[in-house]
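K.L.:
return a 3D structure for these sequence lines:
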Amino acid sequence: MLALLIRLGLRFEDRIEERRFVDQYVRGSLGWTQIAMLLGAATYAGYTLWDWVLYPEVVPITLAIRGGTAVFILLPLTALLSRRWMKPWAETIFLVYCVIPGCILPSIYHVLPSGFTFAAPGMMMIILFVSTMLPLRIGSLAIFCLLSWVALLVAESFATTMPTGLSFINHSLVGNAYALSLYAVAAREYRARRQFRTSEALQREKERSEKSLRDLRATQEQLVQAEKLASLGQLVAGVAHEVSTPLGLALTTSTAMQTDLQTMADALGGASVRRSDLTKGIDRLKQGLDLTFDNLHRASEMVHSFRQVAVHQADEDRRTFELKDWLSELMSKLGPLLSHHGLTVEVRCPAGIKLNSYPGALAQVISNLALNSASHAYPDKRGGRFVITVSQPDPTSVRLVCADEGVGIPEELQAQIFDPFVTTGRESGHAGLGLHIAFNLVASSLNGRLRLESTTGPGTQIAIEIPLQA
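P.N.:
Numbers count the residues shown, from 1 in each chain. Predicted coordinates for the structure are as follows:
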């Protein structure tokens, strides 16, 4: 029987899954079921009114049977469901609640003068209530049908008078009602099981998707941090190259001044010192000091610029800033690295545009675009231009167009340039994450859009559209 139920889709093979379904199907809405049970008890006892209309002389007996069943059996069973420790026995309580009235009802027809004339309608009312109002599964309903039908057969066997053919009509009607109720309950349970399976699959898929999304966001954060470190690493290399020149000149000049100073000391320790030699030596020391000071000052400015750029890219706070001054400052700080690649930066931005956004994320995006142009647009390192043009398409947003005049992007790659690990410089050690991370930063942190506006041919143009209020 169990195998047949499994084949018909009326039982699950997995016991844990079956237990979860029963918990949901049978015990899912106990409050509403208790209301239905109260209504059933009142209806069962209320049929005494029909007895009073037809046969007032038997009302005391029928009221005792019907009312006693409702008061001493149906209502206590309804109240039991309010106890938490009885909830695991809910389906058993439902079955007892149905079987006892169904088995007692045929005994009433022995009291009524009409006998079993109204037996079929009475039984059909109970069958209708049981199959529609209570969450019984097909197995429990089959037990109810069998026991109540046997009770009707036993009650008929004790009947003193029975019109010819009445038993056949009663059992035909009751049998049809049983068959229809079994089919209806089986169909309802089958649909409920399919819906349960679907909801369980959706829940598992939701949990899997949420886990994948969490993993993706964690990976994205790691990639963003890695790209920031990579950008700062390139900046360190560029600044180190630029700083080495003034520091080298300062070191060479200081070495020459040390030699001149030793020469003057030797001359002063001799017998005579010519005024022209002393004046010449002082002039050389003065020139050396000026040259040393200039080169050390230049190196100091470069180190300060590097520190400012690092602060920009590490800044995760939202604040209000004036775009033109901020862009000019950012590009001047990126100058040492970009000039190392021979890239000239030009900023075209009207004054007075104020953003309330995340400057760290915007600095990371523009830095990635500038470094991308330096590495890919001009691979021969013969230099070129990187132009940032700012406009306001409407009062609530700002548009930044970053353009170069380099070799451009192949047409077959234009649809994938914002995908991770897409690059034309794999042999040069590029990972292909710069534009992907820039795209995610614009979409997530800046709440804007980043798109390629280039066509086939030389030059690349990428537009950034972000709201004034992030």
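K.L.:
which of the residues in stretch 445-462 are classified as buried?
P.N.:
Buried residues in stretch 445-462, counted by 16 or more other CB atoms under 10 Å: S445, L446, G448, L450, L452, S454, G459, T460, Q461, I462. For glycine as for every other residue, the C-beta is placed from the backbone atoms N, C-alpha and C.
K.L.:
likewise for stretch 463-470?
P.N.:
Residues of stretch 463-470 classed as buried: A463, I464, E465, I466, L468 (neighbour count, 16+ other CB under 10 Å).
K.L.:
in CSV: the residues you listed, plus secondary structure and distance to W32.
P.N.:
Converted to CSV, the buried residues of stretch 463-470 look like this (DSSP: H, G, I helix; E, B strand; the rest coil; distance: CB to CB, whole Å):
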residue, secondary structure, distance to W32
A463, strand, 58
I464, strand, 56
E465, strand, 53
I466, strand, 52
L468, coil, 53
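K.L.:
using pLDDT, spot the least trustworthy of these.
P.N.:
Scanning the buried residues of stretch 463-470 for pLDDT, the low point is L468. It has 88.
K.L.:
so how far is F321 from it?
P.N.:
Taking CB to CB, to the nearest Å as the criterion, L468 is separated from F321 by 11 Å.
K.L.:
who touches both of those two?
P.N.:
Common neighbours of L468 and F321 (criterion: CB atoms under 8 Å, 6 or more residues apart in numbering): K354, L355, S357.
K.L.:
can you give me the buried ones in the strand or helix carrying the second one?
P.N.:
L355 is part of strand 354-357 when elements are defined by DSSP states H and E. For strand 354-357, the neighbour count (16+ other CB under 10 Å) marks L355, S357 as buried.
K.L.:
re the thing from before, which two in the buried residues of stretch 463-470 are spaced the farthest apart?
P.N.:
Using CB to CB, the pair of these lying farthest apart is A463 and L468, separated by 16.3 Å.
K.L.:
tell me which element the closest residue to V59 other than its chain neighbours is part of?
P.N.:
Leaving aside its sequence neighbours, V59 sits nearest to W52 (CB to CB, 6 or more residues apart in numbering; 4.8 Å). Using DSSP H and E, W52 falls within helix 48-54.
K.L.:
which strands and helices sit next to whichever helix or strand comes after that helix?
P.N.:
Going down the chain from helix 48-54, the next helix or strand is helix 59-69, by DSSP H and E. Helices and strands touching helix 59-69, by 3 or more CB pairs under 8 Å, 6 or more residues apart in numbering; DSSP states H and E, are helix 30-46, helix 48-54, helix 90-108.
K.L.:
for this structure, which segments count as strands?
P.N.:
319-322, 343-348, 354-357, 384-394, 397-404, 449-452, 460-467 (DSSP state E).
K.L.:
so which of those is nearest S181?
P.N.:
Here strand 449-452 is closest among those (CB to CB), at 60.3 Å.
K.L.:
quick check: M37 touching P76?
P.N.:
No. With contacts counted by CB atoms under 8 Å, M37 stays clear of P76, the gap being 10.8 Å.
K.L.:
tell me the pLDDT at S231?
P.N.:
Reported pLDDT at S231 in the predicted model: 58.
K.L.:
same question for D394.
P.N.:
89.
K.L.:
and the closest residue to S140 other than its chain neighbours, how far from C103?
P.N.:
With sequence-adjacent residues excluded and distances taken as CB to CB, 6+ apart, S140 is closest to L95, at 4.8 Å. Between L95 and C103 the distance is 12 Å, computed by CB to CB.
K.L.:
where does pLDDT dip in the stretch 101-250 of the chain?
P.N.:
Within the stretch 101-250 of the chain, the stretches with pLDDT under 70 are 224-242.
K.L.:
what sits up against stretch 117-125?
P.N.:
Against stretch 117-125 from outside (CB under 8 Å, 6+ apart): 43, 47, 102, 105-106, 108-109, 112, 148, 152, 156, 163, 166, 169-170, 173-174, 177.
K.L.:
flag every buried residue along that stretch.
P.N.:
Counting neighbours by 16+ other CB under 10 Å, one finds that the buried residues in stretch 117-125 are F118, A119, A120, G122, M123, M124, M125.
K.L.:
tell me which of M37 and P76 has more neighbours.
P.N.:
Counting neighbours by other CB atoms under 10 Å for M37 and for P76 shows that M37 has the greater number, 24 against 12.
K.L.:
can you pull the contacts of the more buried one?
P.N.:
Neighbour list for M37: L74, L77, T78, L81, Y97, M133, L134 [criterion: CB under 8 Å, 6+ apart].
K.L.:
tell me the pLDDT at the fifth one?
P.N.:
If I follow you right, that is Y97. We have a pLDDT of 94 for Y97.
K.L.:
what is the neighbour count of the residue nearest to it when sequence neighbours are not counted?
P.N.:
The shortest distance from Y97 to any non-neighbouring residue, by CB to CB, 6+ apart, is to L77 (4.8 Å). Residues lying near L77 (other CB under 10 Å) number 20.
K.L.:
picking that back up, where is pLDDT lowest across the buried residues of stretch 445-462?
P.N.:
Lowest in pLDDT among those is S454, which has 69.
K.L.:
which of the strands of the chain sits closest to K286?
P.N.:
Closest approach to K286 among the strands of the chain is made by strand 343-348 (35.7 Å; CB to CB).
K.L.:
now that closest one: buried residues?
P.N.:
Per 16+ other CB under 10 Å, strand 343-348 contains these buried residues: L343, V345, V347.
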